[in-house]
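Undergrad: Sequence isn't available, so here's the structure alone:
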């Protein structure tokens, strides 16, 4: 068997492992195995690629691996779980940038050898456009999530974005007509980079889960386009898998928010009007509670549902929640977790946090599955969630009207752990906080859960 056949066989095996790994990632219980299969496929792909003698020298590869490993280790040690969405945004961005650089090097080399054709040139133009948009868009998403910069204010943003797309198409056409002129490639990259900024800047924080999913998809599409430039079948397959799965996830996110992708990209997130009065919702109606009272409720409860939100991540309360879960289970209480698709700041954010705390995957219940069971739930604990449990979503009008929510208000007792009555991303009051069956436990999420666990253990 020739070396070319071995490379082809290795790519087929790697592609199969990618597909199986992606399938495994679809369920929490098989996610770890899916991740291992995907990593094994990538290892095989790298080793097989090293057998190709057309690559750069091994010492150059070693330098690149050393630099990348150092950066990766530093990030792994310093980035906290609460900052994982920001890290994912950076991963997406640098994936797009890598596609642009690799595509540029391969395209220019092919042009220098006189081996360029229409397919190669079009693929290079798509790589430049998608990769550049992904890079700058991801950087803006990172700054928004980090709350360090909100991007730029773009007057008449939709018109500007359409104009930038048209200009990008023009530069792409010039690349096709005159591939020897490198200026067209870099002008296309520059225009697409500006487009990434102008598209992402107006998008509100509530839509960030959708944006991250979309950018993840774009990074895959950029890699797939780069695969056509490199004439590498595995890169085409892997990029297409990432692109397709990212688009599916984007669709799930938009559905969960009762939004469309067009609304997310070309209009601001809906917000409350000036007529919304929090006092009329909360005044004299909110019942406060204490950790001891909550512990008394939990001591007699047969079923407890915990609904995590971004506040759990901010308070880093996942391990405290795990300890509370174990105490309840030792007491014979059934404990489940209601997971909303857009809880947190990236798809699967709550799943990642709870998995880090070694909470059983089987206890993580999706919204559609857990909602019919809230009527049989003794205590629902809402920890750091807001809009995803707001009953206002069931009304015909309003910023979150029609958005699927977790029906925690139908539980016998609802305990909301929150620092204050401040609104969520939608900027509207939550009538759940003032409901007859709801109690507010004010304070830091982690400290509150620790106090409840301590009181429960002492009973």
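TA: Happy to help now that I have it. As the structure is a prediction and not an experimental result, all values here were calculated from the model.

Undergrad: show me where the protein has strands.
TA: 303-308, 334-339, 364-366, 379-383, 413-418, 438-442 (DSSP state E).

Undergrad: Contacts made by stretch 149-164 with the rest, please.
TA: Residues outside stretch 149-164 that contact it (Cβ atoms under 8 Å, 6 or more residues apart in numbering) are 140, 143-144, 191-192, 194-195, 197-202, 266. To be clear about C-beta, it is placed using only N, CA and C from the backbone, and glycine gets the same treatment.

Undergrad: Surely residue 35 is in contact with residue 21?
TA: Yes - in this structure, residue 35 is within contact of residue 21 by Cβ atoms under 8 Å, at 6.7 Å.

Undergrad: More neighbours: which of the two?
TA: Using other Cβ atoms under 10 Å as the criterion, residue 35 and residue 21 rank with residue 21 on top: 22 against 13.

Undergrad: Who are the contact partners of that one?
TA: Residue 21 neighbours (Cβ under 8 Å, 6+ apart): 34-41.

Undergrad: what about the stretch 251-400 of the chain, any weak spots by pLDDT?
TA: 267-277, 396 (pLDDT under 70).

Undergrad: mind running it again at 80?
TA: Filtered on pLDDT under 80, the stretch 251-400 of the chain yields the residue ranges 255-260, 263-280, 283-284, 344-348, 396-400.

Undergrad: now the helices for it?
TA: Secondary structure of the stretch 251-400 of the chain by DSSP state H, counting those that start in this stretch: the helices cover 261-266, 278-282, 291-299, 310-315, 318-330, 349-356, 367-370.

Undergrad: Taking the contacts of stretch 149-164 together, which two end up most distant?
TA: 144 and 191 (22.3 Å; Cβ to Cβ).

Undergrad: For residue 458, which of the helices of the stretch 251-400 of the chain is the nearest?
TA: helix 291-299 (8.1 Å).

Undergrad: Remind me what the closest one packs against, helices and strands.
TA: Applying 3 or more Cβ pairs under 8 Å, 6 or more residues apart in numbering; DSSP states H and E, one finds that helix 291-299 contacts strand 379-383, strand 413-418, strand 438-442, helix 445-457.

Undergrad: cutoff 6 Å now
TA: Contact partners of helix 291-299 among helices and strands, from 3 or more Cβ pairs under 6 Å, 6 or more residues apart in numbering; DSSP states H and E: helix 445-457.

Undergrad: Please spell out the ChimeraX selection for the buried subset of the contacts of stretch 149-164.
TA: With 16 or more other Cβ atoms under 10 Å as the burial test, the buried ones among these are selected in ChimeraX as follows:
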select :140,143,144,191,192,194,195,197,198,199,200,201,202
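
Undergrad: quick one: which of the contacts of stretch 149-164 sit in helices?
TA: Residues of the contacts of stretch 149-164 located in helices (DSSP state H): 140, 143-144, 191-192, 194-195, 197-200, 266.

Undergrad: Tabulate these in TSV, adding columns for distance to residue 133.
TA: Shown next, in TSV, are those (distance: Cβ to Cβ, whole Å):
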residue	distance to residue 133
140	11
143	16
144	16
191	10
192	5
194	9
195	6
197	9
198	10
199	7
200	9
266	15
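
Undergrad: tell me the centre residue of this structure?
TA: residue 346 (2.9 Å; Cα atoms, centre = their mean).

Undergrad: quick one, what contacts it?
TA: Neighbouring residues of residue 346 by Cβ atoms under 6 Å, 6 or more residues apart in numbering: 85, 88, 209, 212.

Undergrad: if you set the cut-off to 7 Å instead, what comes out?
TA: 84-85, 88, 209, 212 (Cβ atoms under 7 Å, 6 or more residues apart in numbering).
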